[in-house]
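A.B. asks: A structural model of the following input is requested.
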Amino acid sequence: MMRLRGTPPEPLDTIPYRSAARGGGTESLPLAVERRRVDALPDGCGPATTTR
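C.D. replies: Numbering: from 1, shown residues only. Prediction:
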């Protein structure tokens with residue numbers, strides 16, 4: 001099992017992305033890229049990129 005460590009996330013960058021807008025169309029939003037520390041990675045798993 002992988003658990004996040006108690007350290008705050010380290011902001012690395014933001015990436016603009018397009019998302020569906022209310023009422024139709026699209027909008028450009030920032031996607032935060034952060035580094036988080038974990039206690040261990042499962043066997044066979046390397047560093048991962050996730051979104052929330």
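A.B. asks: quick one: contacts for residue 17?
C.D. replies: 28, 29, 30, 31 (C-beta atoms under 8 Å, 6 or more residues apart in numbering). Every C-beta, even on glycine, is put in place using the N, C-alpha and C of the backbone.
A.B. asks: quickly note the distance from it to residue 29.
C.D. replies: 6 Å (C-beta to C-beta, to the nearest Å).
A.B. asks: likewise for residue 1?
C.D. replies: Per C-beta to C-beta, residue 1 is found 32 Å from residue 29.
A.B. asks: between these two, which one's more packed in?
C.D. replies: Just comparing residue 1 and residue 29: by other C-beta atoms under 10 Å the higher neighbour count belongs to residue 29, 12 against 5.
A.B. asks: could you list every residue that touches the nearest residue to residue 10 once chain neighbours are set aside?
C.D. replies: Once flanking residues are discounted, residue 10 sits nearest to residue 35: 4.2 Å by C-beta to C-beta, 6 or more residues apart in numbering. Contact analysis of residue 35 by C-beta under 8 Å, 6+ apart lists 9, 10, 12.
A.B. asks: so which of the residues you listed wins on neighbours?
C.D. replies: Ranked by neighbour count (other C-beta under 10 Å), the contacts of residue 35 have residue 9 at the top, with 12 neighbours.
A.B. asks: now do the closest residue to that residue other than its chain neighbours against residue 5, distance only.
C.D. replies: With C-beta to C-beta, 6+ apart as the criterion, residue 9 has its nearest non-adjacent residue at 3.8 Å, and that residue is residue 34. Using C-beta to C-beta, we find residue 34 at a distance of 13 Å from residue 5.
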